[in-house]
Each structure stands twice: as structure tokens, then as C-alpha cells.
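# Starting from these lines, generate the structure:
(one chain, ligands or ions: 1)
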Amino acid sequence: MKIMSVNAGSSSLKFSLFEMSNETCIASGYFERVGIEGGFYTIKFNGEKIKEEVEMPNHVVAVEVLLDRLISLGIISSLDEIDAVGHRVAHGGDKFDKSVVITDSVMEDIRRFAEIAPLHNPANIAGIEAVQKALPNVPMTAVFDTAFHQTMDKLNYIYAIPYEYYEKYSIRKYGFHGTSYSYVSKKLAEIVGRDDLKSIICHIGSGGSICAVKNGKCVNTSMGYSPLDGIVMGTRSGNIDPSITTVIMDKEGLNASEVISVFNKKSGLLGLSGVSNDCRDVENGVKEGNERCKLAIDKFVQSVVNYIAQYYVELGGIDALVFTAGIGENGPEIRSQVVEKLACLGIKIDSEKNNVRGKLTDITADDSSAKVFVIPTDEELMIAKDTLDLVR
Ligand code: ADP
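Next comes the predicted model:
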């Protein structure tokens with residue numbers, strides 16, 4: 001059985017095609033500059049990377065090009081081979097606590113939640129509609145980034161602002177990266193051979209969040225109503241005092257959404273270092289003695305540690321600490337800086353084992369109070385697995 005996972009962004013479309021009998025990725029690709037001049041795609045297949053420039057005025061054309069190339073490149077011989085398609089959907093509001101088969105009423109809900117995810121859900125909808133048009137008889141599912149966090153207690157998702165905003169506008173914490181946490185927490189249970197675990201998972205990439213997981217369910221997470229909240233990220237500030245907004249509006253002559261855009265796009269590692277949003281560049285800056293790069297990395301590490309400490313207490317101790325996503329998987333330096341600050345909790349890593357990139361590894365030191373793992377995430381495979389479960 002072949003299942004395709006699709007992740008449509010506002011000007012992009014990512015796909016992975018899996019053979020589910022052995023859970024292998026047959027081909028994957030990235031279509032960029034959809035709806036913008038200068039479109040191109042890259043498709044990885046059979047150890048090769050194919051790149052082609054092609055104008056894609058909208059997602060419908062991007063999907064047409066994708067399906068056409070799947071056949072012309074010999075990845076599949078007919079579209080009938082695609083048994084189901086799973087779509088990543090950013091926001092499932094407080095309605096979806098798991099993945100679902102897409103129906104008209106599900107589409108209506110996804111449209112409704114576009115109000116709380118204006119940057120993401122409309123693009124996801126465009127992706128779904130484009131694939132529906134091209135493959136009208138293929139079952140499709142929606143896999144929500146927020147679903148995993150729906151098990152949070154109200155105490156953790158409610159904000160201490162007038163309660164009617166929660167009632168009238170659904171303003172509450174939702175959390176994101178749920179597909180990644182779902183995958184990683186299942187993998188962790190598999191490795192340890194138990195699912196009654198208390199763990200803290202650090203999904204740290206260019207966007208990042210931390211999640212407290214108990215018995216495979218989310219207890220708390222660092223992102224909030226939007227993905228701006230929580231730890232310091234590549235270009236995002238993470239949590240800050242909201243009153244800073246009006247001060248910057250006054251001083252810089254910006255409106256509220258322009259200031260939020262500064263917090264989203266010009267802050268974090270980029271804003272502090274003034275060098276880059278890419279952790280590797282900022283780490284290189286530190287090596288060259290750049291003080292602001294050092295400040296950026298230290299602030300980033302501190303923000304991760306603060307959440308780990310909070311969730312350690314909230315969970316009443318942990319069995320495992322897990323690092324995943326771009327920095328979590330590939331950044332031994334950052335991992336070691338984070339864990340160094342957890343020494344008072346007895347959590348320690350083995351520096352030799354920690355010298356690893358992108359590989360599932362137990363990096364626990366012999367005398368650590370909790371296990372520490374690097375577990376590469378695979379959101380696309382998770383989408384395909386959920387889809388397989390639903391269409392079976
Ligand atoms: P996203 O999916 O949120 O766009 P990723 O999970 O791909 O982000 O993570 C991107 C981040 O991972 C970048 O900051 C990049 O610097 C970092 N990263 C990737 N490889 C390494 C590495 N070898 N060492 C340190 N950081 C790395």
C-alpha cells in the first residue's frame with residue numbers, strides 16, 4: 001500500500017510517498033515559490049536529487065506537476081497506485097484530538113479554525129483541495145499539529161485573561177509540533193519497552209517547543225495560542241512581556257501586527273545575534289568570539305532549560321529527556337549546554353555518546369537520574385501511519 005503525505009505551506013508544498021508494507025519513503029520532494037514567479041521543485045528518488053524550474057501559479061498546478069513527475073520519473077506507473085493521502089493541517093482548534101478522514105464537515109471545521117491560524121490553515125486547505133481535484137476518489141486524512149496537545153488539563157491551557165475571551169474567541173493554549181511529539185513519544189515507548197513513562201521532549205529546530213508527556217499523552221507544552229510563544233527560536237522571541245508591544249509601537253511607529261511580525265521574524269537567535277537565524281552560523285560566531293552570538297545561544301539554552309525545569313516539577317520527575325528536530329538531532333554542543341544546567345536534577349549525558357548527529361542514540365551517562373535520548377523525528381511518516389490506520 002502506498003500513502004502520500006502532503007504538507008502545503010502558503011508558497012510551498014512538501015510531499016513524501018511511502019510504501020507502508022515496510023514503512024520506507026520511496027520519494028520525497030519540495031515544491032517552492034508556489035504562487036510566486038520563479039517556481040521550482042526538488043524531488044529525491046532512488047538516491048538522486050532532481051531539480052526543475054517550473055512556474056506554479058497556485059497549489060492546483062503544483063499538485064498537477066507533482067503527480068505528473070511521479071509518473072514521468074518512473075516513481076509510480078499509475079496514479080491508481082496512490083492508495084491514500086494524509087495532509088498536515090496546522091490547526092484543529094479544540095475539536096480534533098486525533099487525525100480524521102476528510103469529509104465536507106471536517107473541511108468546514110478546518111476553514112473555521114483558519115480564523116485562529118490565518119497563516120497556516122488557508123494554505124493547508126489549498127493543498128487539500130488541489131489534491132482532491134486531481135485524485136477525487138482517493139481517501140484523504142487530516143493530521144493536526146494541535147491534536148496531540150488536546151489532552152492538556154484546562155489549568156495548563158487557560159490564560160489568566162477575561163474568561164469571556166476563551167468562551168467567545170477560543171483564546172487558549174493549543175500547542176504545536178503535535179505530529180512530531182506523537183511520533184517521538186511512540187518511538188520512546190518502543191525503545192524503552194514501556195509506555196507508562198514520564199518524559200520531556202525537546203523539539204528544537206528553527207521553530208521549537210518543549211512538551212511534557214505522561215503515559216504517551218501531552219500534559220503541557222511551551223507553544224501557546226500561536227507558535228510564537230515558548231522558547232527562543234530562530235527568528236521568534238518566545239514568551240515575552242506583552243506590554244513591550246505598545247512601547248515598540250510608540251517608539252518605532254509600527255502598528256500592532258507589525259510589532260508581532262518583528263517578534264515572529266526578526267527576533268530569537270537572529271534578533272539577538274544580528275548574524276543569523278541558523279544555529280550553526282550563530283555557533284560559529286561564538287567560536288569567533290562574537291559576544292552577541294554567545295548571548296543569543298545562552299538565552300536560547302536558558303529558555304529550553306527553564307521549560308525542562310518547569311515540566312520536571314509538573315511531572316514530578318522524569319524517566320526520559322528526549323532531543324529531536326534540526327538542532328536537537330544535530331547539535332551536540334547545544335544538547336550538552338542544556339544538560340549541563342540540569343546537573344542539580346541528576347540528569348547527565350555521556351560526552352562520547354553525545355557526539356552524534358541525526359541518529360537514534362541513547363546518550364545517557366551511567367550515573368544519570370533519567371535516560372537521555374536523541375530520537376530523529378519523522379512527521380511525514382507519522383502522517384502516513386495515521387492515514388493507514390484510518391483508511392484500513
Ligand atoms: P524547521 O523544521 O523548524 O524549519 P529544522 O528542524 O530543520 O527546522 O531545524 C533547523 C535548525 O537546525 C537550524 O537552526 C539549523 O542550524 C539546525 N541544525 C541543522 N543541522 C545542525 C547541526 N549540524 N548543528 C547544529 N544545528 C544544526
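# Over in the stretch 101-250 of the chain, which residue gets nearest the ligand? Let me know.
Closest to the ligand within the stretch 101-250 of the chain is residue 205: 2.2 Å, counting by Cβ to the nearest ligand atom. From N, CA and C alone the C-beta is placed, and that goes for glycine too.
# how close does that residue get to residue 258?
According to Cβ to Cβ, to the nearest Å, residue 205 stands 26 Å off from residue 258.
# Neighbour count: those two, which is higher?
For residue 205 versus residue 258, neighbours defined as other Cβ atoms under 10 Å are more numerous around residue 205 (20 against 12).
# from memory that one sits against residue 328, does it?
Yes. Applying Cβ atoms under 8 Å, one finds residue 205 in contact with residue 328, separated by 7.3 Å.
# What are the neighbouring residues in contact with residue 4?
Taking Cβ atoms under 8 Å, 6 or more residues apart in numbering, we find residue 4 in contact with 15, 16, 17, 18, 82, 84, 85, 86, 384.
# cutoff 6 Å now
Residues in contact with residue 4 (Cβ atoms under 6 Å, 6 or more residues apart in numbering) are 15, 17, 82, 85.
# With respect to residue 362, which of those residues is nearest?
Nearest to residue 362 among the contacts of residue 4, counting by Cβ to Cβ, is residue 17 at 31.2 Å.
# give me the beta-bridge partners of that closest one?
For residue 17, the beta-bridge assignment (DSSP bridges) gives partners residue 4, residue 27.
# Quick check: it touching residue 28?
No. Taking contacts as Cβ atoms under 6 Å, residue 17 lies outside contact range of residue 28: 7.1 Å.
# Now do the helix or strand encompassing residue 326, average pLDDT.
Assigned by DSSP states H and E, residue 326 belongs to helix 325-330. Mean pLDDT, computed over helix 325-330, is 97.
# Run the contact check for the helix or strand just after that helix versus the ligand.
Remark: after helix 325-330, the chain's next helix or strand is helix 332-340, criterion DSSP H and E. No. Figure legend: helix 332-340 not in contact with the ligand (Cβ under 6 Å from any ligand atom); closest approach 6.7 Å.
# buried set for helix 332-340?
Across helix 332-340, burial judged by 16 or more other Cβ atoms under 10 Å covers 332, 333, 334, 335, 337, 338, 339.
# Residues touching it, excluding its own?
Contact partners of helix 332-340, identified using Cβ under 6 Å, 6+ apart, comprise 301, 304, 305, 323, 327, 349, 354, 355.
# Out of the contacts of residue 4, which is nearest to the ligand?
For the contacts of residue 4, the closest approach to the ligand (Cβ to the nearest ligand atom) belongs to residue 15, at 15.5 Å.
# wait, what's in contact with the closest one?
4, 6, 29 are the contacts of residue 15 under Cβ under 6 Å, 6+ apart.
# Pull the most distant pair out of the contacts of residue 4.
Largest separation among those by Cβ to Cβ: 15 and 82, giving 10.5 Å.
# What separation do you get for residue 286 and the ligand?
Distance, residue 286 to the ligand, using Cβ to the nearest ligand atom, to the nearest Å: 12 Å.
# typed the wrong thing, it's residue 86
From residue 86 across to the ligand, the span is 18 Å (Cβ to the nearest ligand atom).
# just the helices in this structure please.
Secondary structure of the chain (DSSP state H): helices at 59-72, 104-112, 121-134, 154-157, 163-169, 178-192, 244-252, 256-265, 268-273, 279-287, 291-315, 325-330, 332-340, 379-391.
# which residues sit against the first one?
Counting by Cβ under 6 Å, 6+ apart, the neighbours of helix 59-72 from elsewhere in the structure are 8, 13, 31, 34, 54, 56, 76, 126-127, 130-131, 133-134.
# rerun at 7 Å
8, 13, 15, 29, 31, 34, 41, 43, 54, 56, 76, 79, 126-127, 130-131, 133-134 (Cβ atoms under 7 Å, 6 or more residues apart in numbering).
# same deal with the longest one?
In this structure, residues lying in contact with helix 291-315 by Cβ under 7 Å, 6+ apart are 198, 200, 202, 204, 210, 212, 214, 219-220, 222, 231-232, 238, 269, 272-275, 282-283, 285-286, 318, 321, 334, 337-338, 341-342, 345.
# Count the neighbours of residue 17 for me.
Counted with other Cβ under 10 Å, the neighbours of residue 17 add up to 26.
# Around the ligand, pick out the residues from the protein.
Proximity of the chain to the ligand (Cβ under 6 Å from any ligand atom) is limited to residues 205-207, 234, 278-280, 325-327, 330-331, 357.
# Out of these, which comes closest to residue 50?
For the residues of the chain next to the ligand, the residue nearest residue 50 by Cβ to Cβ is residue 326; the value is 23.8 Å.
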